[in-house]
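[1] Whatever this is, show me its structure:
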Amino acid sequence: MNIADNLRKLISDTPESVSIIAVSKRKSVEDILQAYKAGQRIFGENRVQELSEKHPQLPEDIEWHMVGHLQTNKVKYIAGFVHMVQSIDSLKLLLSLEREAKKADRIISCLLQIHIAREETKFGFTREEVLEIATSPEVQSLNNVRISGVMGMATFTEDKEQVKSEFRHLRETYNDLKENCFSIRPDFKEISMGMSGDYQIAIEEGSTMVRLGTIIFGERNY
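    Okay, here's the model as predicted:
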């Protein structure tokens, strides 16, 4: 199967309410164009340098999402064009995004990354931390950043029950935030969870965005 066939099958198997983010890290401009020609418009990258190099070589109507860990000093390189930063894992990063979005005269969407995995190597807020930050005056008064929901990565494991329980925790954290911090914000509506190996479980648990790379583009060359 080729990239276009992979996408067509995915789209037919995925509810319309779920957005597919085609994660194109380490994939060529030619591969991305194949997906684009098959109708895909949302792409995710996890490294600022790679995203900055690909962006000018590809169609302007692509909606770019930053899905990897982002350092505050690199926000300025993507603030002029990125549609969404899915990996906000600190207040410092959120405020940096606000500053750079303001300089670029843009409103940039973002997701708050929640640590749901048992692996310590993954980033994100705890439920308690994110509730505290979201209710702070500086976050409630952001003008150039639109907080649109939450994102999380489950543990890399064959244990489907564990993955399910971690996704459920993310959905419950989203519900807490929606009820206590963003009840009057209609834009706060996204739960980004699920990758190539576990996206079907994520959809069952309420995901609105799945981040899919291997299942679209095939294995990556590292």
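
[2] Just confirm residue 139 is within a helix.
    Yes. Using DSSP: H, G, I helix; E, B strand; the rest coil, the assignment for residue 139 is a helix.

[3] all helices for the chain, in order.
    3-13, 29-37, 48-54, 91-103, 127-134, 137-140, 160-180, 199-204, 214-217 (DSSP state H).

[4] worst average pLDDT in those helices?
    Ranked by mean pLDDT, those end with helix 137-140 at the bottom, a mean of 90.

[5] ok, residues contacting it?
    With Cβ atoms under 8 Å, 6 or more residues apart in numbering as the test, helix 137-140 has contacts from 91, 94, 95, 133, 134, 147, 181. Yep, even glycine has a C-beta here, placed from its N, CA and C like the rest.

[6] what comes up buried for stretch 183-191?
    Neighbour counts over stretch 183-191 (16 or more other Cβ atoms under 10 Å) mark 188, 190, 191 as buried.

[7] what pLDDT does the last one get?
    Okay, so that is residue 191. At residue 191, the pLDDT value in this model is 98.

[8] pretty sure residue 130 is touching residue 177, no?
    Yes. Counting by Cβ atoms under 8 Å, residue 130 touches residue 177, with 6.7 Å between them.

[9] Quickly list what's touching both of the two.
    Joint contacts of residue 130 and residue 177 (Cβ under 8 Å, 6+ apart) are 112, 150.

[10] Point to the residue nearest the middle of this protein.
    Taking Cα atoms, centre = their mean as the criterion, residue 86 is the residue nearest the geometric centre of the chain, at 3.4 Å.

[11] just to revisit the earlier point, out of the buried residues of stretch 183-191, which are inside strands?
    190, 191 (DSSP state E).

[12] if I look at the residue lying closest to residue 36 once chain neighbours are set aside, how far off is residue 29?
    In this structure, residue 36 finds its nearest non-sequential neighbour in residue 59, 6.2 Å apart by Cβ to Cβ, 6 or more residues apart in numbering. Look at residue 59 and residue 29: by Cβ to Cβ, to the nearest Å, they are 11 Å apart.

[13] Between these two, tell me which one has more neighbours.
    Counted by other Cβ atoms under 10 Å, residue 59 and residue 29 do not tie: residue 29 has more neighbours, with 13 against 10.
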